[in-house]
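*Asks:* Give me a model of this one.
(one chain, ligands or ions: 1)
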Amino acid sequence: MIFISGCDGSKNQNINSLSYKETQERKKLLDKVEKKPILDVGTGNGWLAIVAAKYYGYHVISIDNNEDNVYLARANARAFKVGKMINFKNIDATSIPYPNDFFGTVISYQTLHHTRYPFKVVEEMFRVCKRDGRVMISELNKEGFKLYHGEYYEYPEKYIKSLNKKILDINKLWKFLHNISSKISIKESKYTNLINCVK
Ligand SMILES: C[S@@+](CC[C@H](N)C(=O)[O-])C[C@H]1O[C@@H](n2cnc3c(N)ncnc32)[C@H](O)[C@@H]1O
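*Replies:* Below is the predicted model of the structure:
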């Protein structure tokens, strides 16, 4: 069976060709992973976790509050032969059922702007991360948002009502993260901002 991912807007992503550009973007985040265990927040169709397992050999716990996406992500991981390396769970990231200081690294790729309460999600990501662990967040910048959600970009009311997709204010996110991180850095590329925090 072939599963097509529409989750992050890449029309050319399917089970046979995880798009090169998107894979490179995900690798920018995964290159920085040092500590385990790893939690992936907002797995969508599973691509970040699949790249982590396939190219880095990482075992990952991946959560998403959309049951259909979790189902699809599992199928995609199986098709990429990394099904056993990823534990996909149907969990809401505003309330992550893991103890404080559990994960070495908590990662999130293009997810926060899909969540209703992004700052609550960030708080939870920090809570479950070990002291001195890493929280890494990749979010679309304006160009990236236009590319992926162009049709909504022009009509903010429409997208807020329909999908709650809106561009995340990176300055606001930065300030928030700055207050709860012991160290923080940001790297902007053409379409994304990658924020790397030490708890
Ligand atoms: C664009 S997709 C993520 C893409 C994915 N990280 C990748 O590498 O392709 C965003 C996902 O965030 C999920 N999401 C939104 N709100 C959430 C929440 N409160 N808890 C967990 N997942 C959430 C959505 O269901 C969707 O699957």
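
*Asks:* residues from the protein in reach of the ligand?
*Replies:* Within the chain, the positions adjacent to the ligand are 7-8, 42-45, 47-48, 63-66, 69, 92-94, 109-111, 114-115, 121 by CB under 6 Å from any ligand atom. Bear in mind the C-beta positions are built from the backbone N, C-alpha and C, glycine included.

*Asks:* can you pull the pLDDT of Ile180?
*Replies:* Ile180 carries a pLDDT value of 96.

*Asks:* Same question for Ala93.
*Replies:* Looking at Ala93, the pLDDT reads 98.

*Asks:* how many neighbours does Met125 have?
*Replies:* Using other CB atoms under 10 Å, Met125 has 25 other residues around it.

*Asks:* looking at this, it is in a helix?
*Replies:* Yes - assessed with DSSP: H, G, I helix; E, B strand; the rest coil, Met125 lies in a helix.

*Asks:* which one is it nearest to, not counting chain neighbours?
*Replies:* Excluding the flanking residues, the one nearest Met125 by CB to CB, 6 or more residues apart in numbering is Val106, at 4.5 Å.

*Asks:* What strand or helix carries that neighbour?
*Replies:* Using DSSP states H and E, Val106 falls within strand 103-109.

*Asks:* so how far is the ligand from the residue nearest to Met125?
*Replies:* 13 Å (CB to the nearest ligand atom, to the nearest Å).

*Asks:* Can you name the residues that contact that residue?
*Replies:* Taking CB atoms under 8 Å, 6 or more residues apart in numbering, we find Val106 in contact with Ile38, Leu39, Val41, Met125, Phe126, Val128, Cys129, Gly133, Arg134, Val135, Met136.

*Asks:* Now do the helices for this protein: every range, in order, please.
*Replies:* 20-30, 47-56, 67-79, 118-127, 142-153, 156-162, 170-180 (DSSP state H).

*Asks:* Can you tell me which of those helices has the worst average pLDDT?
*Replies:* helix 156-162 - the lowest mean pLDDT of the helices of the chain, at a mean of 50.

*Asks:* Just the buried positions in stretch 179-190, please.
*Replies:* For stretch 179-190, a neighbour-count test (16 or more other CB atoms under 10 Å) marks Ser181 as buried.

*Asks:* what does it contact?
*Replies:* 25, 28, 122-123, 126, 132, 135, 141, 143-144, 170, 174, 177-178, 193-199.
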